[in-house]
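**Q** Dropping a prediction and its sequence here:
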Amino acid sequence: MALKIPVFTCPLYCLLSCRGGSSLSKNSQTSHTPDMSSSSSGWTPRHSQLCMYFDNIVLFTGSFQVGEHGTLLKKFCKGEQQCYLKLMKDSLRPFVPAYHGVVQKDNQDYNMMENLLNNFNSPYIMDCKIGSRTYLENELQLARERPQPRQDMFEKMVAVDPGAPTAEEQAQKAVLKSRYMQWRETLSSTTTLGFRIEGFKKPNEDCQTNFKKTKSKEQVIKALSDFVESNTQIVWGYLRQLRQLRQVLETSDFFKTHEVVGSSLLFVHDCSGKARVWMIDFAKTVTLPPHFRVDHQSPWVEGNREDGYLWGLDNLIDVLTNMLHY
Ligand SMILES: O=P(O)(O)O[C@H]1[C@H](O)[C@@H](OP(=O)(O)O)[C@H](OP(=O)(O)O)[C@@H](OP(=O)(O)O)[C@H]1O
Ligand SMILES: Nc1ncnc2c1ncn2[C@@H]1O[C@H](COP(=O)(O)OP(=O)(O)O)[C@@H](O)[C@H]1O
């Protein structure tokens, strides 16, 4: 059973509590980072429209708060909790943040986890969403049964490509979520490479999240080179981590029995040369029916539950390897 303990009062609470489910990936194309006045606690919070961070400390999103003793609190999601509980006993344990149970704050439950940036000095942080699709099969089904046209998604679509909506969508000024998600996937490298860069943050620079149209290998390499500042030692460090992860995934019971959708790899390095990769975001990772098997590589067709996780990881490893020969 999950531990329930009270959260200590965080002085940054009001700054961090905004919309849920936001992340690097949900940033706008036009990020701005106004300085906020220095607080008496010594923190200098800065934020962009949908990307929050604290100087040299951490990158936060609307669904997060700071926890005690170097922990992060993410808005509670039962499915994600179940994943973390299983992951804590799985061979993937070294590749996910430590999970510390459920805590409550103002009637809101949170999953408490290790802050992966704890042991880095001025970290470089990148979020890459892995897999060949970003929505669950049951989301598609729901969209068919109860279509809910989304105006916000129409607006996000038009902002990137005014010609993308169909005549019907133009008339409604709304699109279905499944349609938006599929469009996002074909626009980016998700469908061609099985992963996409959601965003990254370098020390003393604004978040970069303008990767919605980063699709070709060359574009991806350009973005990754910018993130690692062409430092081959860092690329080697990430490659070592990703190859280890690849091996561990082959042995993992968790991976064997789950459809892993919308999950990211969090890349973190700093100027000491330390580079680490972790799997994060299991909100859309679901257990497969008993005896149902996926290989995480085959192309997805509705019903086969394939997520393309290993295909994406292999492509990412290839791309990083290519960078060493550039
Ligand atoms: O990245 P952009 O183009 O802004 O689109 C976002 C991402 O796909 C989110 O996925 P993730 O959280 O994995 O980044 C998704 O959240 P879900 O995870 O809820 O599907 C959002 O759906 P809504 O939250 O319904 O708006 C969708 O609007
Ligand atoms: N355990 C963690 N330690 C440090 N940063 C994290 C951790 N988990 C998430 N993050 C940061 O928060 C962002 C959003 O996390 P994610 O779990 O994808 O949330 P959401 O589902 O709200 O998008 C990530 O891109 C990363 O920058």
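**A** Nice, thanks for sending it over. Ligands and ions are numbered 1, 2, ... in the order given.
**Q** looking at it, residue 115 is touching residue 74, isn't it?
**A** No: the criterion here is Cβ atoms under 8 Å, and residue 115 misses it with residue 74 at 10.8 Å. Quick note: C-beta positions are derived from backbone N, CA and C, even for glycine.
**Q** I'd like the distance from residue 166 to ligand 2, if you could.
**A** Separation of residue 166 from ligand 2 (Cβ to the nearest ligand atom, to the nearest Å) stands at 28 Å.
**Q** what about that residue, neighbour count?
**A** Neighbour count for residue 166, taken as other Cβ atoms under 10 Å: 10.
**Q** Would you report the backbone torsion angles of it?
**A** When read as degrees, to the nearest 10, the backbone of residue 166 gives phi -70, psi 170.
**Q** gap between it and ligand 1?
**A** Look at residue 166 and ligand 1: by Cβ to the nearest ligand atom, they are 18 Å apart.
**Q** which stretches of the stretch 201-326 of the chain form helices?
**A** Assigned by DSSP state H, counting those that start in this stretch, the stretch 201-326 of the chain shows helices spanning 217-228, 232-251, 253-256, 309-324.
**Q** Looking at those, which is nearest to residue 156?
**A** Residue 156 lies closest to helix 217-228 among the helices of the stretch 201-326 of the chain, at 20.1 Å (Cβ to Cβ).
**Q** and that closest one, is it in reach of ligand 2?
**A** No: looking at helix 217-228 against ligand 2 by Cβ under 6 Å from any ligand atom, there are no contacts, and the closest approach is 13.1 Å.
**Q** shaky segments in the stretch 101-250 of the chain?
**A** Along the stretch 101-250 of the chain, no part satisfies pLDDT under 70.
**Q** is it true that residue 131 touches residue 259?
**A** No: applying Cβ under 8 Å as the test, residue 131 and residue 259 come out as separate, 9.3 Å apart.
**Q** what does the stretch 201-326 of the chain have sitting close to ligand 2?
**A** Contact residues, the stretch 201-326 of the chain versus ligand 2 (Cβ under 6 Å from any ligand atom): 264, 266, 280, 281, 283.
**Q** Tell me the one of the residues you listed nearest ligand 2?
**A** Within those, the smallest distance to ligand 2 is 3.4 Å, found for residue 281 (Cβ to the nearest ligand atom).
**Q** pLDDT wise, what is the closest one at?
**A** Looking at residue 281, its pLDDT is 97.
**Q** Need phi/psi at it.
**A** Residue torsions, per degrees, to the nearest 10, at residue 281 are phi 60, psi 90.
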